[in-house]
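Visitor: Curious how this folds, go ahead:
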Amino acid sequence: MTASFLPCLDHQPISSFPSPETALCSPQGLLAYGGDLQAERLLCAYREGIFPWFSAEDPILWWSPDPRAVLPIEEFHLSRSMQRFLRACPYHVTLNNDFRGVIEGCASTHTDGTWITDQVISAWCELAARGQAHSVEVWQGTTLVGGLYGMALGGLFCGESMFSRRTNASKLALLTLCRHFAGFGGELIDCQILNPHTESLGARDLPRAEFLQQLVVLQNRVISPECWGKQRLF
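Guide: Take a look at the predicted model:
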């Protein structure tokens with residue numbers, strides 16, 4: 001299969017996505033192109049194990065890679081250096097206090113941040129306003145120094161991006177999310193594609209078929225709305 005045979009989602013129903021099993025092997029996981037970033041389309045995509053990732057000059061590209069990077073919450077790796085850091089941590093952590101600040105922080109601090117375009121920011125901020133996307137903020141005093149954002153589907157949190165402007169800020173965001181989410185029955189963080197940073201924190205590759213099986217089960221888990229209320233976590 002070549003890119004010339006990729007399905008185009010333009011003018012297709014919002015819920016119309018190809019099966020993840022039909023994704024290309026090269027580039028790995030590329031499934032379709034086109035369509036839009038309406039909130040309902042994004043929700044449909046993530047519920048099927050599909051996510052958008054594209055550069056500003058590209059059409060919207062939709063992916064479902066094999067393998068899929070995941071972080072089982074109970075496998076989060078807390079290093080000795082991080083344990084020492086936590087004993088005198090200069091930060092505090094909140095949930096859903098500044099979604100726009102977090103996504104703009106991710107866009108501005110990553111060398112590959114060009115994929116978080118204004119269009120992407122607008123779409124995710126709409127999801128956040130609807131209570132369907134969430135952010136974890138790390139503060140040093142009143143300054144936002146790190147965080148992460150993503151979408152919760154039952155017992156699964158689909159992590160999109162994280163950023164850090166101070167030492168250990170993104171690690172603290174993820175650790176705090178894991179501990180908080182686990183307390184409400186959450187089990188898995190979707191990291192999409194493995195990288196050295198997430199791997200050092202306990203993420204690992206899972207065959208796509210296994211990830212999709214877990215997705216079906218976990219997204220049907222009922223999580224108390226209290227989990228995602230605006231609050232201080234650390």
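
Visitor: Next secondary structure element downstream of the strand ranked longest in the chain?
Guide: For the chain, the longest strand by residue count, based on DSSP state E, is strand 143-153. Counting by DSSP states H and E, the next helix or strand C-terminal to strand 143-153 is strand 156-164.

Visitor: Now for the residue positioned nearest the centre of the chain: which residues touch it?
Guide: Residue closest to the mean C-alpha point of the chain, counted by Cα atoms, centre = their mean, is residue 159 at 1.7 Å. Applying Cβ atoms under 8 Å, 6 or more residues apart in numbering to residue 159 gives the contacts 71, 148, 150, 174, 189-192. (Each C-beta comes from the backbone N, C-alpha and C, glycine too.)

Visitor: So which of the residues you listed is the closest to residue 49?
Guide: Using Cβ to Cβ, residue 190 comes nearest to residue 49 of those, at 8.4 Å.

Visitor: what's the closest non-adjacent residue to the closest one?
Guide: The shortest distance from residue 190 to any residue other than its chain neighbours is 4.5 Å, reached at residue 158 (Cβ to Cβ, 6 or more residues apart in numbering).

Visitor: For the longest strand of the chain, buried residues please.
Guide: Residues 144-153 are the ones in strand 143-153 that count as buried (16 or more other Cβ atoms under 10 Å).

Visitor: ok, back up a step: what residues are bridge-paired with the residue nearest to residue 190?
Guide: Residue 158 has these beta-bridge partners by DSSP bridges: residue 151, residue 190.

Visitor: how close does it sit to residue 61?
Guide: Separation of residue 158 from residue 61 (Cβ to Cβ, to the nearest Å): 17 Å.

Visitor: again with residue 117
Guide: Distance of residue 117 to residue 61, computed by Cβ to Cβ: 12 Å.

Visitor: before we move on, back to that, next, the contact list for the residue nearest to residue 190, please.
Guide: By Cβ under 8 Å, 6+ apart, the contact set of residue 158 is 46, 51, 150-152, 190, 192.

Visitor: picking that back up, tell me which of the buried residues of strand 143-153 is nearest to residue 107?
Guide: After measuring the buried residues of strand 143-153 against residue 107 - Cβ to Cβ - the closest member comes out as residue 149, at 10.8 Å.

Visitor: pretty sure that closest one is touching residue 100, no?
Guide: No - using Cβ atoms under 8 Å, residue 149 makes no contact with residue 100, being 9.7 Å away.

Visitor: Between the two, which contacts overlap?
Guide: Common neighbours of residue 149 and residue 100, using Cβ under 8 Å, 6+ apart, are residue 128.
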